[in-house]
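Peer 1: Have a look; sequence and predicted model below, questions after that.
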Amino acid sequence: MGYREVYDAWKADPEAFWMDAAKAIDWIEPPSKALNADKAPFYEWFTDAKVNACWNAVDRHVEGGRGEQAAIIYDSPITGKKRTITYAELQNRVAALAGALAARGVTKGDRIIIYMPMVPEALEAMLACARIGAIHSVVFGGFAANELAVRIDDCAPKCIIAGSCGIEPGRVVKYKPLLDGAINMASSKPEFCVILQREEERADLIEGRDFDWADFVDGATPADPVPVEGNHPAYILYTSGTTGQPKGVVRHTAGHLVALHWTMKNIYNVDPGEVFWAASDVGWVVGHSYICYAPLIAGNTTVVFEGKPVGTPDAGTFWRVIQEHDVKVLFTAPTAFRAIKREDPGGALIRDYDLSGLRALFLAGERADPDTIEWAEDKLRVPVIDHWWQTETGYAIASNPMGIEHLPVKIGSPSMAMPGYDVQILSDEGNPLSAGELGAIAVKLPLPPGTLPTLWNAEERYLKSYLNTFPGYYETGDAGMIDEDGYLYIMARTDDVINVAGHRLSTGAMEEVLAAHPDVAECAVIGATDTLKGQLPVGFLCTNAGTEKPSEQIVRECVSLVREKIGPVAAFKHAVVVDRLPKTRSGKILRGTMVKIADNQDYKMPATIDDPAILDEIKVALKTIGYAG
Ligand code: COA
Ligand code: AMP
């Protein structure tokens, strides 16, 4: 069957389609049906099943004869370390950690925050939670203590599992002071912490609260997988919304297992036993789905890469990893390829390695620009597949399904909607638009298995953020169009979310931080185009009347404040002091026009602008920091 037949078969009978996909999962009690619409628009999948995610990702492969196969290859050019963990070893390590957690009282439904660098223990911690039905919430290492504190307060973890440090080029990021700071700030306190002591930085432990991972698991009684209901939350993953309060995306267990397994063959076209590498971070959804769960559920070998595409040690690192570990499919963000292309435009380093095993490159996380796609195609000589998805969905909404059919590529489009997703372009009033017309991208409800059923402790916010604007649809927050052949084009976000080096960030959250600076009366943050990172945040600051501090000092303090409150990952380095912000007569800041000015693009004078002269002032200010042409 080709793509069209598979898509139509799903559309004709979604229930049968997903029940069939569910056969690939080991159930303790199989589901009697796929969709549960009892609480619509809060849909669930496989509610009445009993299952364990860790069993499906680990134990069943050991039983099935893959015990000696590598489950995880750890390759860390930044520390010079490499390690392979077989499925049998992974089973023992995860069962021991799960047993130790259970012995300290962690039970099904308890939350555990995981704050770890890219080491195999991060995956082991996730799987140990899944083994005993604890709900993990992984927090990206590049976030500051304050962001960690917000997440602690939102999900009230019983335990936090952390690394002693992460390693960035040129510096060791000590996690423990960030963790201690976050716990001090948060009103909810974890009962205990488990700290993986890395040799690059050993952390001081707090007696009675903190345990050294090695001692913690020593002698632990291994835990068996605990059966959980199909709708039991497997994890919460916080993602940026329009405000400083991140959204806790919930992932139910059964749908996530079924859907992720389905994607490994049908989208990525990898078979059990093959090596799959997602060069991302466990702190992001790509890391959850395609470094940890999906490759392991499907019996692949996953690569945990601790390094950067360039500088660790050079722009040939990716090619070395592909050759050395026989990677069949690579998945990363376009920004990684832009970084490589900038360092090695002719691809000279590629020729030093044998990449004949590589079958495809998948890109996601941000818009894949045609230059980058064409460069990658030309240099790697494999299909380069742009695919579009979100933290909320957990896997691709639109892709080129390589295991079903390699659709003709249209550069600039992540191809077509995947089975499960009825994607439509809607007008502001919610009416479906015709081919080629630009509008809001929405997905007809119900969303497929594995997508978010709600937000953690925030049902109202779930409805408001995603379902209320277009009744009967999920609002993706992206705008774009579908062409006459059914190819989707993602053009822009419709909200305050920006994408910096494939990292999703909220300009609203940055504005909240800037507004708290004592000399700032009013502010705005926009995402300006950046040739490497896709977008970079730029801040505009209006200072309080009578402020005597020099503007440069205020800018410096604001840059530090965002780094301290949100984290280095925000990459907030550019801001200017301006007298006033351009607004509509009703007081709305004209951020879209400011983006166009920063990018030196033509713009239409907004009809409702309060005072057009302000736009010239903005342009002059932007020029002082290297924007606006
Ligand atoms: N822990 C602590 N700090 C971190 C971090 C982590 N896990 N990840 C990033 N940071 C810091 C970086 O050190 C940097 O700090 P600096 O301002 O002191 O230099 C800052 O956050 C910004 O990091 P990053 O966006 O990674 O930029 P970079 O300039 O270090 O590297 C690229 C640029 C393009 C090489 C890098 O962004 C990259 O590899 N991107 C791939 C994107 C990706 O995998 N996205 C995941 C979604 S699929
Ligand atoms: P995240 O939740 O971090 O995965 O970010 C999701 C957002 O990233 C989407 O809503 C899009 O705005 C953007 N995005 C992800 N993949 C693509 C893609 N292939 N093309 C364009 N934008 C993308």
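Peer 2: Cool, the structure landed. Numbering: from 1, shown residues only. Ligands and ions are numbered 1, 2, ... in the order given.
Peer 1: When you work out contacts or count neighbours from here on, use the C-alpha atoms and nothing else.
Peer 2: OK.
Peer 1: Okay, buried residues for the helix ranked longest in the chain please.
Peer 2: The helix spanning the most residues in the chain, taking DSSP state H as the definition, is helix 87-103. The neighbour-count check on helix 87-103 (16 or more other CA atoms under 10 Å) flags 87-102 as buried.
Peer 1: can you pull the contacts of the residue in the stretch 1-150 of the chain that ligand 2 sits nearest to?
Peer 2: Among the residues of the stretch 1-150 of the chain, Phe140 lies closest to ligand 2, at 11.7 Å counting by CA to the nearest ligand atom. Shown in contact with Phe140 (CA atoms under 8 Å, 6 or more residues apart in numbering): 115-117, 281-284.
Peer 1: any idea how far it is from Cys155?
Peer 2: When CA to CA, to the nearest Å is applied, the distance between Phe140 and Cys155 equals 16 Å.
Peer 1: The contacts of Phe140 into a markdown table, with extra columns for neighbour count and secondary structure?
Peer 2: Putting the contacts of Phe140 into a markdown table (neighbours: other CA atoms under 10 Å; DSSP: H, G, I helix; E, B strand; the rest coil) gives the following:
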| residue | neighbour count | secondary structure |
| --- | --- | --- |
| Tyr115 | 28 | strand |
| Met116 | 27 | coil |
| Pro117 | 25 | coil |
| Asp281 | 22 | coil |
| Val282 | 29 | coil |
| Gly283 | 23 | coil |
| Trp284 | 21 | coil |
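Peer 1: will you turn those into a markdown table that also has pLDDT and distance to ligand 1?
Peer 2: Supplementary listing: the contacts of Phe140 in a markdown table, determined by pLDDT from 0 to 100; distance: CA to the nearest ligand atom, whole Å:
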| residue | pLDDT | distance to ligand 1 |
| --- | --- | --- |
| Tyr115 | 98 | 10 |
| Met116 | 98 | 8 |
| Pro117 | 98 | 6 |
| Asp281 | 97 | 6 |
| Val282 | 97 | 9 |
| Gly283 | 97 | 8 |
| Trp284 | 97 | 6 |
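Peer 1: quick one: Tyr489 is in a strand?
Peer 2: Yes: assignment of Tyr489 by DSSP: H, G, I helix; E, B strand; the rest coil places it within a strand.
Peer 1: I'd say it and Ala440 touch.
Peer 2: No: counting by CA atoms under 8 Å, Tyr489 stays clear of Ala440, with 11.2 Å between them.
Peer 1: Can you pull the residues that touch both of the two?
Peer 2: Both Tyr489 and Ala440 are contacted by Gly480, under the criterion CA under 8 Å, 6+ apart.
Peer 1: Three-state assignment for the residue of the stretch 1-150 of the chain closest to ligand 2, please.
Peer 2: Three-state call for Phe140 (three-state DSSP): coil.
Peer 1: please renumber so the chain begins at 8
Peer 2: Sure, I'll start counting at 8 from here, so that last one is Phe147.
Peer 1: distance of it from ligand 1?
Peer 2: Taking CA to the nearest ligand atom, to the nearest Å as the criterion, Phe147 is separated from ligand 1 by 6 Å.
Peer 1: ok, the residue located most distally from the centre of the chain to Val527 distance?
Peer 2: In terms of distance from the mean C-alpha position of the chain, Gly553 ranks first, at 43.0 Å (CA atoms, centre = their mean). Computed with CA to CA, the distance linking Gly553 and Val527 is 11 Å.
Peer 1: Contacts only, for Trp220.
Peer 2: 201-204.
Peer 1: Return the residues in contact with whichever residue of the stretch 458-607 of the chain sits closest to ligand 1.
Peer 2: Among the residues of the stretch 458-607 of the chain, Val576 lies closest to ligand 1, at 3.6 Å counting by CA to the nearest ligand atom. Listed by CA under 8 Å, 6+ apart, the contact partners of Val576 are 149-150, 510, 570.
Peer 1: That one falls within a helix, correct?
Peer 2: Yes: using three-state DSSP, the secondary structure at Val576 is a helix.
Peer 1: and the gap between it and Val450?
Peer 2: Val576 is 30 Å from Val450, where distance means CA to CA.
Peer 1: And Val527, by the same measure?
Peer 2: 40 Å.
Peer 1: Which one of these two is surrounded by more residues?
Peer 2: Just comparing Val527 and Val450: by other CA atoms under 10 Å the higher neighbour count belongs to Val450, 23 against 20.
Peer 1: Which residues does the more buried one form beta bridges with?
Peer 2: With DSSP bridges applied, Val450 shows beta-bridge pairing to Val430, Tyr481.
Peer 1: Now do the contacts for it.
Peer 2: For Val450, the contact set (CA under 8 Å, 6+ apart) comprises 428-431, 480-483.
Peer 1: Mind picking the one among those that's closest to ligand 2?
Peer 2: Of all the contacts of Val450, the one sitting nearest ligand 2 is Thr483; the distance, using CA to the nearest ligand atom, is 6.4 Å.
Peer 1: Leu474 is in contact with that closest one, correct?
Peer 2: No: proximity of Thr483 to Leu474 does not meet the contact threshold set by CA under 8 Å, at 9.5 Å.
Peer 1: Quick one: name the residues of the chain near ligand 1.
Peer 2: By CA under 6 Å from any ligand atom, the residues of the chain that approach ligand 1 are 148-149, 173, 175, 180, 286-287, 293, 315-317, 339-340, 342-343, 346, 372, 508-510, 575-576, 578.
Peer 1: Distance of the nearest residue to Ile139 once chain neighbours are set aside relative to Ala102?
Peer 2: Counting by CA to CA, 6 or more residues apart in numbering, Val233 is the residue found nearest to Ile139 once chain neighbours are left out, at 5.1 Å. For Val233, the distance to Ala102 (CA to CA) stands at 11 Å.
Peer 1: just Glu154 next, same as before
Peer 2: With the distance defined as CA to CA, Glu154 ends up 30 Å from Ala102.
Peer 1: and the gap between whichever residue of the stretch 108-257 of the chain sits closest to ligand 1 and Asp217?
Peer 2: Using CA to the nearest ligand atom, the single residue of the stretch 108-257 of the chain nearest to ligand 1 is Gly149, 3.5 Å away. Computed as CA to CA, the Gly149 to Asp217 distance reads 22 Å.
Peer 1: try Gly484
Peer 2: Summarising the geometry, the distance separating Gly484 from Asp217, computed by CA to CA, is 41 Å.
Peer 1: and stretch 488-497, what's its mean pLDDT?
Peer 2: Along stretch 488-497, the predicted local confidence has a mean pLDDT of 98.
Peer 1: In contact with Val527, which residues?
Peer 2: For Val527, the set of contacting residues under the criterion of CA under 8 Å, 6+ apart consists of 521, 548-551.
Peer 1: could you dump those residues to a markdown table with pLDDT?
Peer 2: As requested, the contacts of Val527 are arranged in a markdown table below (pLDDT from 0 to 100):
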| residue | pLDDT |
| --- | --- |
| Leu521 | 97 |
| Leu548 | 98 |
| Cys549 | 97 |
| Thr550 | 96 |
| Asn551 | 95 |
